[in-house]
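S.K.: Quick one: sequence and predicted model below, then my questions.
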Amino acid sequence: MSVDYNNFSNTFSNSRINMKWEEIDYFIKYLKDNIKDKKIDILDVWCGNWRLLDHLNKQDIWEFYYLWIDSSSWLIDEAKKIHTDNEFKVLNMFNLEQLKWETFNYLFFIASFHHLESIEDRLKVLIQAKKLLKPNWAIFMTNWALESNLNLEKYKDSVIKNSTNQYQSKDFKIKIGRFDRFYHSFSIEELDYLFKEAWLEIIENKLFLNQRNIISIVR
């Protein structure tokens, strides 16, 4: 991830303001159906623009501590202006070991994990993320399904040539403003492999109903 995401943080954030995130609503329903505690600790890894926090703030059933980390200092500074009661930290996804182990009930990777460029990096981040979880708690994840029936035609010209891996996943470069951004379009098989290699139990791992993303819940 050598690209500097500060180059297009403003453009990217503005493009997400009015997007509907049915996947986040689905995760929150899962929390409502399964959480017994009234106080929870949440880590949001590279969410892009605090949209998860906006959804959480609409709920009135939990007291929660929320930490959002991102490599973009611009996005973090903007978040601090809007959400003064929450904690935000500039931190690369590869450096999760800088956070305290067994601190969080839930970790969220909303449209962030698919920016990792190798199987080794993906596994490293998952293993670090697992160490941050309190016992028996969960990770929620969305990854862009760029080869679903919904997305395939639109993004077929953005596929990186010869990038198909052994799990039939492919890499894409998609332009945001003046800059290209890397995306890895996961197959279900690759995600299954990664979760099992990290010794994570798979609760759900499937293409979401709207075919925009693969959603995963693991613990």
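M.R.: Received the coordinates, thanks. Residues are numbered from 1 along each chain as shown.
S.K.: N34 - how many residues pack around it?
M.R.: Residues within reach of N34, counting by other CB atoms under 10 Å, total 10. (Each C-beta comes from the backbone N, C-alpha and C, glycine too.)
S.K.: Quick check: phi and psi at it.
M.R.: Backbone torsions for N34, taken as degrees, to the nearest 10, come to phi -120, psi -20.
S.K.: what helices or strands is the strand of greatest length in the chain leaning on?
M.R.: Using DSSP state E to define each element, the chain has its longest strand at strand 133-144. Contacts defined by 3 or more CB pairs under 8 Å, 6 or more residues apart in numbering; DSSP states H and E place strand 133-144 against helix 22-34, strand 104-110, strand 179-185, strand 213-218.
S.K.: so who does the residue lying closest to I40 once chain neighbours are set aside touch?
M.R.: Distance criterion CB to CB, 6 or more residues apart in numbering; nearest residue to I40, sequence neighbours excluded, is N105 at 4.5 Å. By CB atoms under 8 Å, 6 or more residues apart in numbering, the contact list for N105 reads D37, I40, D41, I42, L133, K134, W137, A138.
S.K.: can we see that at 10 Å?
M.R.: The contact partners of N105, by CB atoms under 10 Å, 6 or more residues apart in numbering, come to 31, 35, 37, 39-43, 62, 64-65, 133-134, 136-138.
S.K.: for K58, same thing?
M.R.: D25, I28.
S.K.: All further residue positions should be reported with the first residue as 46.
M.R.: Let's use 46 as the start, then, which means that last one is K103.
S.K.: Buried ones among the contacts of N150?
M.R.: L76, I85, D86, I87, L88, F109, L178, W182, A183 (16 or more other CB atoms under 10 Å).
S.K.: The second one pairs with what?
M.R.: Put plainly, it is I85. For I85, the beta-bridge partners under DSSP bridges are F109.
S.K.: these two touch, right, it and Y110?
M.R.: Yes - counting by CB atoms under 10 Å, I85 touches Y110, with 7.6 Å between them.
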